[in-house]
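J.: can you look at this prediction? I've put the sequence above it.
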Amino acid sequence: MTPYFRSNPKILKNTLYFFLLFVIIAACNAASNKENSKDDSLQYYPPTPKEMSKDEFRSYYRVVSNFFDSGLLRSGFNGGILIAKNGNIIYEKYQGKADLRDDDSITKETPFHIASTSKTFTATAILRLYQEHKLSLEDSLTKYFPGFPYEGITIKLLLSHRSGLPNYLYFMSNSDWDKSVYVTNQDVLNFMIREKPQRYYAPNQRFDYCNTNYLLLALIIEKVTGMSYPAYMQQKFFGPLHMEHSFVFTPNDSARATPSFTARNTYWNNDFLDHTYGDKNIYATPEDLLKWDQSFYTNQVLDTQLMKAAFTPYSFEKPSIHNYGYGWRLLLLPNGKKVIYHFGKWHGFNSAFARLTDEKATIIILGNKFNRNIYRAAHTCYDIFGAYLQTTPGDEDDANESEAPATKHTPKAAKTKKK
């Protein structure tokens, strides 16, 4: 010890105090930065598109433009189309009116309800929370919903549509619920706990596409994060990925939500099921969905292992080229080709979102005037890029993924007091 400090013990004490304080603050900052690094890991822009020669671009453009200009665009299509390869936009077209009652043309900034394509976001959010050790895919639903009357159901079974739960679009429609009152996710959960609508199958018995699964997953996201589902999606995905025109619909978004229409150009009225989310209710543009697609070519949304899990088939009860992963439909062809996709329908909205990962091609078609040809065009477009053998439309489930008719899977009507 220097003579100076020996003669000034008070200065020595203060020096040691500030030194220790500095070490503690530095350690806290390091820990904070480490934690923030997880939260900020999506603060990036999607990968830079791979360079494409003029000849390659022109070759694809000629084929793609001829395909859509002579087909879908002549079928009364009202919406947006974006086709890309390696992140390069080959073809982008917007046609029609955002509101058929007005004169506002659809542009690249017009957000469309993407219906069941929303499930890709909900599933990814759940897998991200698993990656962050905030939940387990083996967790029982009773862990999150005390009094939940259906045993043996895990998060994993919700993700893969193997829960056997009844579809809330049916049992709420067939109940005595006052249809002038909007239903929320929590209302559906409360109804299930109180009325116990009959399940369709035992857990993990078979695949059965069911919107209830993803409504409940959205509630789990809210339980785990302490945030609303719309706020979480904005903070963790839309904002960081620069998806500037994407949002989860809430009543506050009524003014900016694009309306939808029937095939005969009449306005499609909202109904009492328009405020639930997780299974639907995300609005996005084609360009925003391209950013979503491109984010899966990095490991910043999910690590490689979890992305592989998301794109893995889980249902094999019936031999089929169609299957389902965690939030993604899968087309598995005998020649080894694979399509990772999700289509959807809600009211007059139709959405088609397909990823051809072998060729790194992306097919996005969004419309707000009901048009079943959107699904046919998306399927047959695969063959422009590879041997996908899609000369005929896909299965009918693709066209009915969100909005369910009242005739399928209708158990005895559950009763409840009007609310």
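T.: Happy to help now that I have it. Because the structure is predicted, anything quoted here is derived from the model rather than measured.

J.: where in the stretch 301-419 of the chain is pLDDT low?
T.: For the stretch 301-419 of the chain, residues meeting the criterion pLDDT under 70 lie at 391-419.

J.: residue ranges of the helices in it, please?
T.: 304-310, 373-381 (DSSP state H, counting those that start in this stretch).

J.: deepest of those, which one?
T.: helix 373-381 (a mean of 23; mean count of other C-beta atoms under 10 Å). Every C-beta, even on glycine, is put in place using the N, C-alpha and C of the backbone.

J.: what's the offset of that helix from the middle of its chain?
T.: 20 Å (C-alpha atoms, centre = their mean, to the nearest Å).

J.: only C-alpha atoms, please: export it in PDB.
T.: Provided in PDB are the C-alpha atoms of helix 373-381 (Å, rounded to 0.1, in the frame of the first residue of the first chain):
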ATOM      1  CA  ASN A 373     -59.200 -19.900 -57.900                       C
ATOM      2  CA  ILE A 374     -56.500 -18.400 -55.600                       C
ATOM      3  CA  TYR A 375     -55.800 -21.900 -54.200                       C
ATOM      4  CA  ARG A 376     -55.800 -23.500 -57.600                       C
ATOM      5  CA  ALA A 377     -53.300 -20.900 -58.900                       C
ATOM      6  CA  ALA A 378     -51.000 -21.300 -55.900                       C
ATOM      7  CA  HIS A 379     -50.900 -25.100 -56.200                       C
ATOM      8  CA  THR A 380     -50.300 -25.200 -60.000                       C
ATOM      9  CA  CYS A 381     -47.700 -22.400 -59.800                       C
END
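
J.: between helix 373-381 and the helix or strand hosting Arg58, find me the angle.
T.: Here Arg58 sits within helix 54-69, counting by DSSP states H and E. Angle of helix 54-69 versus helix 373-381, following axes from the mean of the first three to the mean of the last three C-alpha atoms, to 10 degrees, is 140 degrees.

J.: now do the buried residues in helix 54-69.
T.: Using 16 or more other C-beta atoms under 10 Å as the test for burial, helix 54-69 gives 60, 64, 67-68.

J.: mind putting the residues you listed in CSV, distance to Asn270 and pLDDT included?
T.: Converted to CSV, the buried residues of helix 54-69 look like this (distance: C-beta to C-beta, whole Å; pLDDT from 0 to 100):
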residue, distance to Asn270, pLDDT
Tyr60, 39, 97
Val64, 35, 98
Phe67, 34, 98
Phe68, 30, 98
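
J.: I'd like those as JSON lines, with distance to Asp303 appended.
T.: Listed next are the buried residues of helix 54-69 as JSON lines, based on distance: C-beta to C-beta, whole Å:
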{"residue": "Tyr60", "distance to Asp303": "32"}
{"residue": "Val64", "distance to Asp303": "33"}
{"residue": "Phe67", "distance to Asp303": "36"}
{"residue": "Phe68", "distance to Asp303": "36"}
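
J.: identify, from those residues, the entry nearest to Gly278.
T.: Phe68 (31.7 Å; C-beta to C-beta).

J.: of all the buried residues of helix 54-69, which comes closest to Thr357?
T.: Tyr60 (17.1 Å).

J.: now do the helices in the stretch 51-200 of the chain.
T.: 54-69, 119-131, 155-159, 168-171, 185-195.

J.: ok, which of these comes nearest Ser295?
T.: Short answer: helix 119-131, nearest of the helices of the stretch 51-200 of the chain by C-beta to C-beta, at 9.1 Å.

J.: name the helices or strands packed onto that closest one?
T.: Here helix 119-131 touches helix 155-159, helix 211-225, helix 229-233, helix 304-310, strand 338-346, going by 3 or more C-beta pairs under 8 Å, 6 or more residues apart in numbering; DSSP states H and E.

J.: coming back round to it: can you redo the helices of the stretch 301-419 of the chain as CSV with distance to Asp279?
T.: Shown next, in CSV, are the helices of the stretch 301-419 of the chain (distance: least, C-beta to C-beta, whole Å):
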stretch, distance to Asp279
helix 304-310, 17
helix 373-381, 18
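
J.: next, Ser160: phi, psi?
T.: Dihedral pair for Ser160: phi -100, psi 10, per degrees, to the nearest 10.

J.: how close does it sit to Pro313?
T.: 9 Å (C-beta to C-beta, to the nearest Å).
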